[in-house]
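Q: I would like to see how this sequence folds:
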Amino acid sequence: MTDETTGAAGEAGGIAPDALRDETGHVSARWLDGLRDALRAGDIERLSALMEPLHSADAGDVIEALEQDERLALVTLLGDAFDYSALTEVDDAVRADLIEAIPNADIARGVAELDSDDAVFILEDIEPGDREEILNQLPAFERLSLKRSLDYPEDSAGRRMQTDFIAIPPFWTVGQTIDYLRADKDLPDEFYQIYVVDPGYRLLGTLSLDKFLRSKRDIRIADIMNADPLTVPAASDQEEAARTFERYDLVEVGVVDDAVRLVGVLTIDDIVDVIQEEATEDIQRMAGVGDEEISDSVFGALKSRLVWLCVNLVTAILASLVIGLFNATIEQMVALAALMPIVASMGGNAATQTMTVTVRALAMHELDRRKVMRLISREMIVGVVNGAVFAVLIGIVTTLRYGNPGLGAVIAMAMIINMFVAGSAGVLIPLLLNRLKADPAVASGTFVTTLTDVIGFFAFLSIAGLWFDLF
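A: Have a look, this model is predicted:
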């Protein structure tokens, strides 16, 4: 081993971020070479020195940078020293491959050390039989707590919550609570507020740490708690929980079951992940790629894209059939074939702008009856005005290029019609799909593009045919 490599590995064993990351922010090739040398040598002490100082997010980046066999070797060699929270920071495909290769007994030891929300995140994608085997190897309290979280629907607040929290009775004083927090070793490492409950764990109130720490020791908790706290139902969608955090500027909120019993808490770090996941999901659905990730295999990428590409092929054939109806008109003036895509393309782009605004408003639950009518009328007006502006521009360009004012008038009229249709379709189609309980982020793009193509071609060629017949 060269001195340079040894130096890189030694550097990486420290906490300095500039040793782990290169100038682009990715895992340094020199650092990774040092790790690979330790893997090949089976040097567990060096591997521990390299990985132990890393935050779980950095450890996740390291795992993704390694090859598949290297990832398994890293986990196997580190054994109990491997931090399983790093698996919550990697792509789903990477995590699934690793979990499938790691013995269930090792997974059980790993998740036993995690916060409950991280443990659930790892366990929820494991096959039911293996998951049950892993849970049976955990202590009874942890097993029951994780099973309760896993019983909640996928993508619900109950799946995201952490089941470790500070709960106290209302008759305690500030002093008693401080003594309890100092003495009990099984409390969460980090918390932002204290929850006040009755003997049945029904939530009575909350107490923020700033108010708690500023109060004298002899004051009763019931006298200073917030008796009307915000809560999130455990069965509610995680997106609804994220909106609650956003609206009320929360850093932590209690999660309650149907009987208003406190069953867990959601913290801002969980919600940041939810917001990122939901935004990514909406963007990918609008592009027709499902939940694809960069670590997916070729087959996985094909499977996520083929369906909507097939739908697009069918809609493209529909647009070509419309063009076929006007073969005679196109033969009269070949310039029409060159100008047709301009009308369809402008309509498609305008519709996509409107559709994006509408889908986002639907996702954020920002539209009531009054706002819907305002949005529809606004987009129709914007469509007409945009159509008029670009009609003048394309009309002038067409007239100058082909020396035919009639052809300029034809494409100008078609542009106004298609831009109006684009603005209307971009808002009405997502609203209709949402009313039909279909996901507007998934299906809107295909229908809107098809409509603007068909209307654009039909309007342009129909007007052209009438123009030539009259003049």
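
Q: Kindly provide the distance from the spatially most central residue of the chain to residue 155.
A: Using CA atoms, centre = their mean, the residue of the chain that lies closest to the mean C-alpha position is residue 277, 1.8 Å off. Taking CB to CB, to the nearest Å as the criterion, residue 277 is separated from residue 155 by 9 Å. Placement of C-beta: from N, CA and C, glycine included.

Q: one step back: show the model's pLDDT score for the residue nearest to the centre of the chain.
A: Residue 277 is assigned 78 on the pLDDT scale.

Q: roughly how far apart are it and residue 191?
A: Residue 277 is 24 Å from residue 191, where distance means CB to CB.

Q: same check, this time on residue 392
A: As it turns out, when the distance is counted by CB to CB, residue 392 lies 63 Å from residue 191.

Q: The two: who's more crowded?
A: Using other CB atoms under 10 Å, the more surrounded residue of residue 392 and residue 191 is residue 191, with 17 against 14.

Q: does that one count as helix, strand or coil?
A: Reducing the assignment to helix, strand or coil with DSSP: H, G, I helix; E, B strand; the rest coil, the entry for residue 191 is coil.

Q: Identify the spatial nearest neighbour of it, chain neighbours not counted.
A: Nearest non-adjacent residue to residue 191, counting by CB to CB, 6 or more residues apart in numbering: residue 166, 5.5 Å away.

Q: was I right about that neighbour contacting residue 197?
A: No - with contacts counted by CB atoms under 8 Å, residue 166 stays clear of residue 197, the gap being 10.2 Å.

Q: pLDDT below threshold where in the chain?
A: Within the chain, the stretches falling below the threshold (pLDDT under 70) are 1-18, 282-306, 308-309, 312, 331-332, 471.

Q: would you list every one of the strands in it?
A: Along the chain, the stretches classed as strands by DSSP state E are 167-168, 193-197, 203-208, 231-233, 252-256, 262-267.

Q: by contact count, what packs against the fourth one?
A: The contact analysis (3 or more CB pairs under 8 Å, 6 or more residues apart in numbering; DSSP states H and E) places strand 231-233 against helix 238-248, strand 252-256.

Q: Between these, which one is closest to residue 462.
A: helix 238-248 (44.1 Å; CB to CB).

Q: That closest one: which residues count as buried?
A: Across helix 238-248, burial judged by 16 or more other CB atoms under 10 Å covers 238-239, 241-245.

Q: Residue 125 against residue 95, yeah?
A: Yes - the pair residue 125 and residue 95 qualifies as a contact (CB under 8 Å) at a distance of 7.2 Å.

Q: Looking at those two, which is more packed in?
A: In terms of neighbours (other CB under 10 Å), residue 95 is the more surrounded of residue 125 and residue 95; the figures are 22 against 12.

Q: wait, that one sits on residue 87?
A: Yes - assessed by CB under 8 Å, residue 95 is found in contact with residue 87 at 5.1 Å.

Q: Give me the common contacts of those two.
A: The contact sets of residue 95 and residue 87 overlap at residue 122 (CB atoms under 8 Å, 6 or more residues apart in numbering).

Q: distance of residue 59 from residue 33?
A: Remark: distance between residue 59 and residue 33 (CB to CB) = 17 Å.

Q: The two: which is more packed in?
A: Taking neighbours as other CB under 10 Å, residue 59 and residue 33 compare with residue 59 leading, 24 against 17.

Q: so what's the closest residue to the more buried one other than its chain neighbours up against?
A: Of all residues not flanking residue 59 in the chain, residue 86 sits nearest, at 3.7 Å (CB to CB, 6+ apart). If you count contacts by CB under 8 Å, 6+ apart, residue 86 has them with 56, 59-60, 62-63.

Q: Just the ones of those residues in helices?
A: Those of the contacts of residue 86 mapping onto helices are 56, 59-60, 62-63, per DSSP state H.

Q: want to try a markdown table for those, with distance to residue 41 as columns?
A: A markdown table is the format used below for those (distance: CB to CB, whole Å):
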| residue | distance to residue 41 |
| --- | --- |
| 56 | 25 |
| 59 | 20 |
| 60 | 24 |
| 62 | 17 |
| 63 | 19 |
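
Q: Going by distance to residue 174, which of those wins?
A: The nearest one, if we look at those relative to residue 174 and count by CB to CB, is residue 56, at 34.4 Å.

Q: gap between the closest residue in space to that closest one that isn't next to it in sequence and residue 97?
A: Spatial nearest neighbour of residue 56, chain neighbours left out: residue 85 (4.1 Å); criterion: CB to CB, 6+ apart. For residue 85, the distance to residue 97 (CB to CB) stands at 18 Å.

Q: Give me the more crowded residue out of these two.
A: Higher neighbour count among residue 85 and residue 97: residue 85, with 21 against 16, using other CB under 10 Å.

Q: Could you dump the strands of the chain into a markdown table with distance to residue 180 and mean neighbour count added?
A: Compiled in a markdown table, the strands of the chain are given as follows (distance: least, CB to CB, whole Å; neighbours: other CB atoms under 10 Å):
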| stretch | distance to residue 180 | mean neighbour count |
| --- | --- | --- |
| strand 167-168 | 7 | 15 |
| strand 193-197 | 10 | 22 |
| strand 203-208 | 13 | 20 |
| strand 231-233 | 23 | 20 |
| strand 252-256 | 19 | 24 |
| strand 262-267 | 17 | 24 |
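
Q: Now residue 200: phi and psi?
A: Reported as degrees, to the nearest 10, the phi and psi values for residue 200 are phi -90, psi 10.

Q: Which residue is the nearest non-sequential neighbour of residue 256?
A: Ranked by CB to CB, 6+ apart and with sequence neighbours excluded, the top spatial neighbour of residue 256 is residue 231, at 4.8 Å.

Q: residues contacting that neighbour?
A: Counting by CB under 8 Å, 6+ apart, residue 231 touches 203, 253-256, 260.

Q: which one of the residues you listed sits closest to residue 78?
A: Taking CB to CB as the measure, residue 255 is the one of the contacts of residue 231 closest to residue 78, at 33.2 Å.

Q: I figured residue 468 hits residue 330, correct?
A: No - taking contacts as CB under 8 Å, residue 468 lies outside contact range of residue 330: 10.9 Å.
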